[in-house]
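**Student:** Provide a 3D model corresponding to the input given below.
(chains A and B)
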Amino acid sequence: MINLKLAWRNIRGAGIRAILNSLVLSLVIVIIIWMQGLYDGMSEQMSRAMIDMELGGGQLWHPAYDPYNPMELPDAHQPLSDKLKKYVAEGKITPILVVQGTMYPHGRMQAIFFRGIDPSQDIIQVPSRHLDNGDGYSIPVIIGKRMAENSNLKEGETFTIQWRNAEGVYDAADAKVIHIMDTPVSTVDIGQVWMPLNQLQSMMALPDAATLIISKADFEFSGEIIGWDFKPLSFLLKEVEALVKSKQGGGMLMSIVLLFLALIAIFDTQLLAVFRRKREIGMLIAMGMTPRQVGRLFTLEGSLYGIIAIAMSAIYGIPLMIWTQVNGLYFGDMMDDFGMALGNTLYPIYTVSKTLAIVITIFLIVLFVSYYPARKIAKMNPTDALRTNT
Amino acid sequence: MTGKIIIETKSLVKQFSMAESFFTALDSIDFTMNEGEFTGLIGPSGSGKTTLLNIIGSLDKPSKGEALVLGESIGTLSAKASAALRNRSIGFIFQNFNLLPVYTVYENVEFPLLLLGVEAEERRVMVEEALRWVDLLDKRNSRPGQISGGQAQRVAIARAMVKKPRLVLADEPTANLDAANSHHILQTMKKLNEDLGTTFLFSTHDEKVMTYLKRRIFLVDGKIDRDERV
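**Tutor:** Numbers count the residues shown, from 1 in each chain, chains lettered A, B, ... in the order given. Purely as a prediction, here's the structure:
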């Protein structure tokens, strides 16, 4: 208790230097927690958006389907079995047919993927119901906002599409943009043209065929589905996790640099104090403290910077974090540059466990940084300390 | 002689290791000091005054021989036991005052009492009394940087005296003071010696200090040359 009192007096006496040290450390604490919250928010938001727009509760893939290997795509389809058709009729799954093709918006040629989807499905949030509003002359299609910007297409505009069907015959037709969807998930947007499933099956001469099947969130397939590979969400979201981790790596590096700078300030203050306050140390020993006690006093003094910084962080950090968690952070189109399925607004998620882990870790590092210079005191000869000119 | 023996050294030797040899700072020092004395170790620089004072103050240990201070053998004391001895019974006054710069005058004087675990109210009474002895009660909230050298040394005296130690060791207490301030603090210490019976041991080569001393021990090259009682 006495040490705490003395350490507090020393900190108080250090004035502006103590405030600056603690303030810098508190900024680092808040920034690290905030960044962790951003990454957790990103991960959650991206996973949620991808589940809603693309993944559903899991997928069945044709064994030849590989989203990164378009060469296999012409063979990656098969008709649905009766069992699967029953699930479709019950609204538990929805089939998607994916094929390669070409579009010619405003005379330009663009390689694309056609995605056939049942207009009446409600398993993913692609607004497929719009596909029922065709004019009967051209093929109704839905494209994403980014795709519309890239190809300079607007709602109601018509353009030519070309494809090669299952028998190797090339064909072309007019397609009309029925709806432009605004989605944070770029994989259902960029390079994707959505059209009614039966239309695409008929174009490709592949009746009842699908490349992949998306299941409803709470639906579990009973038994093995022969001829299809089940891909659970844990597999489908691996990429998201990897992406967040890679972003987190950069963020972590920044956190380490910031923390390092703040700790250097404390280390510097404490190490310099051992030299600058040598005579004071000698005097403390002369007044009846053991060198170890003085070392403990200096360690406590250094760790008080950490405690003050944590208190400061709580004062302005907690309201700031609550505000950002409720209102989100508006990044606008910048989010697209992240290459992530995120909206314009990012909602950070702060968890008590992670926040506590960050605070405790930083405090322990501060304690170590304060303890290290104080070790020198234990080895100090009091008569030398008293003789010094500092 | 005014009381019982408070300090006793027997064939006390202190050597410091040099590159390949030893420098003998104190060579066979034998002397005793009684409670209530107002004594000075006198000698030029390098004569061993401060070294002897440091050993008596349990800040250093003898290389050979024995130093008994308040019944404790300094050479055999653990770090904790010497700290306890200093804390309980010895006050220090240094030529550089050595006040804690971030503390106020009051807090500086209060410090030894905090280490002794004295209760807050009792502490307040004792600190105010000590500041009254040195006539600095009005400076209680000043910091060391805001007071003069003479006042700073008076604070150091108050700090050394506040716990009413049996022994006060003063290492060149007037070295950084002008004549007027030197006399002022010497008179203060003399009065405390007379009023409270505190034993004072000085190290000095200041003529002004010598005039106040009741006993003068002259050191030359680490040996006692003369021991005079006034």
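
**Student:** all strands of chain B, in order?
**Tutor:** For chain B, the strands defined by DSSP state E cover B:5-17, B:22-34, B:38-42, B:64-69, B:72-73, B:90-94, B:167-171, B:199-204, B:215-220, B:223-229.

**Student:** low-confidence ranges in the stretch 1-150 of chain A?
**Tutor:** The model of the stretch 1-150 of chain A has pLDDT under 70 over residues A:1.

**Student:** let's go with 80 and repeat that
**Tutor:** By pLDDT under 80, the low-scoring segments of the stretch 1-150 of chain A are A:1-3, A:5, A:13-15.

**Student:** in it, what residue lies closest to chain B?
**Tutor:** Proximity of the stretch 1-150 of chain A to chain B (C-beta to the nearest C-beta) peaks at A:Gly13, 2.2 Å away. C-beta coordinates here come from the backbone N, C-alpha and C atoms, glycine included.

**Student:** which one is that residue nearest to, not counting chain neighbours?
**Tutor:** Nearest residue to A:Gly13 in three dimensions, chain neighbours excluded: B:Val102, at 2.2 Å (C-beta to C-beta, 6 or more residues apart in numbering or on different chains).

**Student:** number of nearby residues for the one you found?
**Tutor:** Applying other C-beta atoms under 10 Å in any protein chain shown, we find 20 residues neighbouring B:Val102.

**Student:** which residues touch it?
**Tutor:** By C-beta atoms under 8 Å, 6 or more residues apart in numbering or on different chains, the contact set of B:Val102 is A:9-10, A:12-14, B:143.

**Student:** out of the residues you listed, list just those in helices.
**Tutor:** A:9-10, A:12-14 (DSSP state H).

**Student:** and for residue 71, the neighbour number?
**Tutor:** You didn't pick a chain, so chain A it is. 9.

**Student:** wrong one, chain B
**Tutor:** Neighbours around B:Gly71, by other C-beta under 10 Å: 11.

**Student:** longest helix in the chain, please.
**Tutor:** Defaulting to chain A. helix A:238-276.

**Student:** should've been chain B
**Tutor:** Assigned via DSSP H, chain B shows its longest helix as helix B:179-196.

**Student:** contact partners of that helix?
**Tutor:** B:36, B:38, B:133-135, B:148-150, B:153-154, B:157, B:161, B:164, B:168, B:170, B:173-174, B:177, B:198-200, B:206, B:208-209, B:212.

**Student:** which of those are buried?
**Tutor:** B:36, B:38, B:133-134, B:150, B:153-154, B:157, B:161, B:168, B:170, B:173-174, B:177, B:198-200, B:206, B:209, B:212 (16 or more other C-beta atoms under 10 Å in any protein chain shown).

**Student:** where does chain B come near chain A, residue by residue?
**Tutor:** By the rule C-beta under 8 Å from any C-beta of the partner chain, the part of chain B lying against chain A is B:54, B:57, B:59-60, B:79-80, B:83-84, B:86-88, B:92, B:94, B:96, B:98, B:100-103, B:107, B:111-112, B:114-117, B:159.

**Student:** picking up where we left off before, okay, the strands of chain B in a markdown table with distance to A:Ile285 next?
**Tutor:** Formatted as a markdown table, the strands of chain B follow (distance: least, C-beta to C-beta, whole Å):
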| stretch | distance to A:Ile285 |
| --- | --- |
| strand B:5-17 | 18 |
| strand B:22-34 | 20 |
| strand B:38-42 | 21 |
| strand B:64-69 | 16 |
| strand B:72-73 | 17 |
| strand B:90-94 | 10 |
| strand B:167-171 | 14 |
| strand B:199-204 | 18 |
| strand B:215-220 | 25 |
| strand B:223-229 | 28 |
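
**Student:** mean pLDDT and distance to A:Asn198 added to those strands, as JSON lines?
**Tutor:** As requested, these are exported to JSON lines (pLDDT from 0 to 100; distance: least, C-beta to C-beta, whole Å):
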{"stretch": "strand B:5-17", "mean pLDDT": "92", "distance to A:Asn198": "99"}
{"stretch": "strand B:22-34", "mean pLDDT": "91", "distance to A:Asn198": "105"}
{"stretch": "strand B:38-42", "mean pLDDT": "94", "distance to A:Asn198": "111"}
{"stretch": "strand B:64-69", "mean pLDDT": "94", "distance to A:Asn198": "105"}
{"stretch": "strand B:72-73", "mean pLDDT": "94", "distance to A:Asn198": "103"}
{"stretch": "strand B:90-94", "mean pLDDT": "92", "distance to A:Asn198": "99"}
{"stretch": "strand B:167-171", "mean pLDDT": "93", "distance to A:Asn198": "103"}
{"stretch": "strand B:199-204", "mean pLDDT": "93", "distance to A:Asn198": "107"}
{"stretch": "strand B:215-220", "mean pLDDT": "94", "distance to A:Asn198": "113"}
{"stretch": "strand B:223-229", "mean pLDDT": "91", "distance to A:Asn198": "116"}
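
**Student:** returning to that earlier point: pick out the one among the ones in helices among the contacts of B:Val102 with the largest number of neighbours.
**Tutor:** A:Asn10 (22 neighbours).

**Student:** relative to A:Gln270, how far out is that one?
**Tutor:** From A:Asn10 across to A:Gln270, the span is 11 Å (C-beta to C-beta, to the nearest Å).

**Student:** just A:Lys231 next, same as before
**Tutor:** Distance from A:Lys231 to A:Gln270, by C-beta to C-beta: 54 Å.

**Student:** which residue is nearest the middle of chain B?
**Tutor:** B:Leu169 (1.3 Å; C-alpha atoms, centre = their mean).

**Student:** next, the contact list for that residue, please.
**Tutor:** Neighbours of B:Leu169 in contact, by C-beta under 8 Å, 6+ apart: B:53, B:56-57, B:90-93, B:201.

**Student:** in a markdown table: those residues, plus neighbour count.
**Tutor:** Converted to a markdown table, those look like this (neighbours: other C-beta atoms under 10 Å in any protein chain shown):
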| residue | neighbour count |
| --- | --- |
| B:Leu53 | 22 |
| B:Ile56 | 25 |
| B:Gly57 | 26 |
| B:Ile90 | 26 |
| B:Gly91 | 26 |
| B:Phe92 | 27 |
| B:Ile93 | 22 |
| B:Leu201 | 25 |
